[in-house]
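1. just the structure for this:
(chains A and B)
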Amino acid sequence: MRTIEIKSPLPGTFYRASSPDTPPFKADGDTVAEGNIIGLIEVMKTFQEIPAGVSGGAIRFLVDNEEPVMAGQVIAEVTA
Amino acid sequence: MTIRSLLVANRGEIAVRIIRAAKALGIRTVQVHSAADADMLAVHLADEAVNIGPPAAKKSYLNIEAMIAAAKATGVDAVHPGYGFLSENGDFADEVVHAGLVFVGPSGDAIRLLGDKVAARAVAERAGVPIVPGSAGRIDDVAQACRIAESIGFPVMIKAAAGGGGRGIRIVQSVAELERQFPQASAEAAAAFGDGGLYLEKVITRARHVEVQILGDGENFVHCYERECSLQRRRQKVWEEAPAVGLPADIRARLCESAVALAREVKYRGVGTVEYLYDEDAGTFYFIEVNTRIQVEHPVTEMITGIDLVQEMIRIAGGEKLSFRQEDIHVSGHAVECRINAEDPARGFAPVPGKVTALFVPKAEGVRFDTMLYEGYTIPPFYDSLLGKLIVHAEDRASAIALLSKALGRWRSAASARPFPCISRLPETRPSGAGTFIPASSSRGSWMVARSRSPPLAVSKRRDKPDECPVFVWW
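-> Okay, here's the model as predicted:
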């Protein structure tokens, strides 16, 4: 099975949910569609939604919630 | 006690500013930094540096335990909190003192008292300072809120008791809107500030934002005149001046005296700022809040008075009395500060962190640049977008604006970041004529629109280095 990488478009802090009280946009193992939001990146106190950009199954996050990410870093993988 | 060594519990341009002040006083400096800030200018300038944790501010710059541990490990005898982060956290001030160290700022109790917006209104009232019409204290329920709103008149602002800095504010136009927004505002305040307490204030339309610099040593209290901070974007200041434009002498005197009365009321110790709304048409001013720390815009006051506020606050914290009396403080000329942010005006002011590949800052008489930038520095994405402040000082306002215009025109900088790198300067518009200001209430004011339609005056792009950004000078 082929895996597809989802990369961060910009550097910042990665969040899996829209707020600490809400469930994550996607749980590990979920199926994702191209337009689905998989997380937020905080850059200098502003938040940007991160769409999956690809469709696939069994998403696996490689970055923890509230962890720093670099631009181009792989955030998650899905199976094609 | 005399302060011999100082922990700088902050980052960015203010950390640099504090280190320069400490060095001038012959004080050893220890700079804290997160894992993302090991290469920042303040780290290079300080005598010693300590890594206090991961990039996320709450694990580093907001981590009281890590901060105290760094202070103890490096054997400093004082801690300077700068602005933002832990600077207005009374518990942090207490912890510093409990560790046997000096906190460069007021006591924890004073910070808590003045940081509680409702309590601060009461202090202001006791000191005879005019306050914005509103609730006498915290509001218990929606019914009470409606009664008060109807008596003071709509529109009213629902404000979080624990808020400040433009956060935790909602404007409502009617009883129906108030009833709908009140519970939401309470829940939001509880989530954001850990305190759901609310109060009401009447909306003062066409108000200018004027603030007075105060200093106290616990026994003597003075003001260093006022600053004008009316030009704001999304309730954040972008351009500051001192003194305020066209403020009548009698109003200036009453305004500044009222700030000193407030300082005396709480036996203030340190530097602080009393913020007011000034209604130009009615010639009246109203107290809004007190900031118990050094402000971003303190340089404009330093330029017109010749007083080094950061040095003075360190001396006061060390136990010295104020080094001047009110009659020693005089205003000379006019100063303007322009904030420089890592933002891209072409993309809705989106933040643009990245590497500073080139930087040329014009040097001239009356031009001061307070910054964290240097060539080769990579601006991290984890913190505020403020990179520095360009400050000018001249004999009058027109000359100061002309000098700022010239300095910005000669300015060159470049940063590379993805997807569209640029360092922009704010504000990008010239306030038209003396005394013309956009009211603070119109945060979506016309100046933004006017600016975005005007072409950049100077655009430079190094063709041989395509990864470097074009430089925009909106002016």
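2. starting from the lowest-mean-pLDDT helix or strand in chain A, tell me which strands it pairs with and how they run.
-> Taking mean pLDDT, DSSP states H and E as the measure, chain A has strand A:46-51 as its least confident helix or strand, at a mean of 90. Strand pairing for strand A:46-51, determined by DSSP bridges: strand A:37-43 (antiparallel).
3. show me what counts as buried in the partner strand.
-> A:38-43 (16 or more other C-beta atoms under 10 Å in any protein chain shown). Using the backbone N, CA and C atoms, a C-beta is placed for each residue, glycine as well.
4. quick one, domains of chain B?
-> Per automatic domain parsing, the structural domains of chain B span B:5-104, B:133-202, B:207-328, B:334-473.
5. ok, B:Leu101 - contacts?
-> Contact partners of B:Leu101, counting by C-beta atoms under 8 Å, 6 or more residues apart in numbering or on different chains, are B:71, B:76-79.
6. one step back: which residues sit against the least confident helix or strand of chain A?
-> Defining contact as C-beta under 8 Å, 6+ apart, one finds that strand A:46-51 is touched by A:6, A:8-10, A:12, A:15, A:34-42, A:75, B:350-351.
7. strands paired with the helix or strand that it is followed by, and their directions?
-> Scanning forward in sequence from strand A:46-51 by DSSP states H and E, the next helix or strand is strand A:57-61. Applying DSSP bridges to the sheet, strand A:57-61 is found paired with strand A:74-79 (antiparallel).
8. check contacts around whatever residue of chain A ends up closest to chain B.
-> Nearest residue of chain A to chain B: A:Met44, at 3.6 Å (C-beta to the nearest C-beta). If you count contacts by C-beta under 8 Å, 6+ apart, A:Met44 has them with A:12, B:342, B:351, B:353, B:381-385.
9. mean pLDDT and distance to B:Ala119 added to the domains of chain B, as CSV?
-> Formatted as CSV, the domains of chain B follow (pLDDT from 0 to 100; distance: least, C-beta to C-beta, whole Å):
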stretch, mean pLDDT, distance to B:Ala119
domain B:5-104, 97, 12
domain B:133-202, 88, 8
domain B:207-328, 93, 10
domain B:334-473, 62, 24
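10. other SSEs contacting the longest helix belonging to chain B?
-> Longest helix in chain B, counting residues (DSSP state H): helix B:175-193. In this structure, helix B:175-193 packs against helix B:142-152, strand B:156-164, strand B:167-172, strand B:198-202, with contacts taken as 3 or more C-beta pairs under 8 Å, 6 or more residues apart in numbering or on different chains; DSSP states H and E.
11. from the contact counts, what lies against the second one?
-> Read it as strand B:156-164. Applying 3+ C-beta pairs under 8 Å, 6+ apart, one finds that strand B:156-164 contacts helix B:117-126, strand B:167-172, helix B:175-193, strand B:198-202.
12. what's the local residue count around residue 78?
-> As the question left the chain open, I've gone with chain A. A:Val78 has 22 neighbours, counted by other C-beta atoms under 10 Å in any protein chain shown.
13. I was after chain B.
-> As a measure of burial, B:Ala78 has 22 neighbours, counting by other C-beta under 10 Å.
14. ok, it - contacts?
-> Residues in contact with B:Ala78 (C-beta under 8 Å, 6+ apart) are B:3, B:5-7, B:101-104, B:314, B:317-318.
15. now B:Val104
-> B:6, B:78-81, B:270, B:313-314, B:317.
16. in strands only, show me these.
-> Members of the contacts of B:Val104 lying in strands (criterion: DSSP state E): B:6, B:78-80, B:270.
17. still on that earlier bit, chain A: which of the contacts of B:Ala78 is nearest?
-> B:Leu7 (24.3 Å).
18. tell me what that closest one is bridged to.
-> B:Val30, B:Val79.
19. for it, give its distance to B:Gly115.
-> Separation of B:Leu7 from B:Gly115 (C-beta to C-beta, to the nearest Å): 22 Å.
20. of those two, who's got more company?
-> Per other C-beta under 10 Å, whichever of B:Leu7 and B:Gly115 has more neighbours is B:Leu7, with 31 against 20.
21. touching, that one and B:Asp77? I think so.
-> No - using C-beta atoms under 8 Å, B:Leu7 is not in contact with B:Asp77, being 9.1 Å away.
22. so which residues of the stretch 251-400 of chain B form strands?
-> B:269-279, B:284-291, B:334-341, B:343-344, B:350-351, B:354-360, B:367-371, B:378-379, B:386-394 (DSSP state E, counting those that start in this stretch).
23. closest to A:Phe61 out of those?
-> With C-beta to C-beta as the criterion, A:Phe61 lies closest to strand B:350-351 of the strands of the stretch 251-400 of chain B, at 24.0 Å.
24. packing partners for that closest one?
-> Other elements packing on strand B:350-351 under the criterion 3+ C-beta pairs under 8 Å, 6+ apart are strand B:343-344.
25. what about the longest strand in chain B?
-> strand B:221-233.
26. what strands line up against it, and which way round?
-> In its sheet, and by DSSP bridges, strand B:221-233 pairs with strand B:207-217 (antiparallel), strand B:236-242 (antiparallel).
27. and these as JSON lines, adding mean neighbour count?
-> Output for those, formatted as JSON lines (neighbours: other C-beta atoms under 10 Å in any protein chain shown):
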{"stretch": "strand B:207-217", "mean neighbour count": "25"}
{"stretch": "strand B:236-242", "mean neighbour count": "23"}
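28. what parts of the stretch 351-475 of chain B come near chain A?
-> Within the stretch 351-475 of chain B, the positions near chain A by C-beta under 8 Å from any C-beta of the partner chain are B:351, B:353, B:380-385, B:418-419.
29. out of these, which is most surrounded?
-> The most crowded member of those, judged by other C-beta under 10 Å, is B:Pro381 (27 neighbours).
30. looking at the stretch 301-450 of chain B, which residue is nearest chain A?
-> Nearest residue of the stretch 301-450 of chain B to chain A (C-beta to the nearest C-beta) works out as B:Pro351 at 3.6 Å.
31. figure out which of the domains of chain B is closest to A:Ala52.
-> Nearest to A:Ala52 among those is domain B:334-473 (18.6 Å), distances taken as C-beta to C-beta.
32. A:Ala58 touches A:Val78, doesn't it?
-> Yes - between A:Ala58 and A:Val78 there is a contact at 6.6 Å, judged by C-beta under 8 Å.
33. counting neighbours, which of the contacts of B:Leu101 comes out on top?
-> Neighbour max across the contacts of B:Leu101 (other C-beta under 10 Å) = B:Val79, 30 neighbours.
34. tell me which residues touch that one, please.
-> B:Val79 neighbours (C-beta under 8 Å, 6+ apart): B:6-7, B:9, B:67, B:71, B:96, B:101-104.
35. repeat the analysis, applying 7 Å as the threshold.
-> When contacts are counted by C-beta atoms under 7 Å, 6 or more residues apart in numbering or on different chains, B:Val79 is found next to B:7, B:9, B:71, B:96, B:101, B:103-104.
36. which SSE is the residue of the stretch 51-200 of chain B found nearest chain A in?
-> Taking C-beta to the nearest C-beta, chain A has its nearest neighbour within the stretch 51-200 of chain B at B:Pro55, 4.7 Å off. For B:Pro55, there is no host helix or strand (DSSP H and E).
37. that one and A:Glu66 touch, don't they?
-> No - assessed by C-beta atoms under 7 Å, B:Pro55 is found out of contact with A:Glu66, at 10.0 Å.
38. so which of those two has more stuff around it?
-> The neighbour count for B:Pro55 versus A:Glu66, taken as other C-beta under 10 Å, is higher for B:Pro55 (20 against 16).
39. give me the buried entries from the contacts of B:Val104.
-> By neighbour count, with 16+ other C-beta under 10 Å, the contacts of B:Val104 hold B:6, B:78-81, B:270, B:313-314, B:317 as buried.
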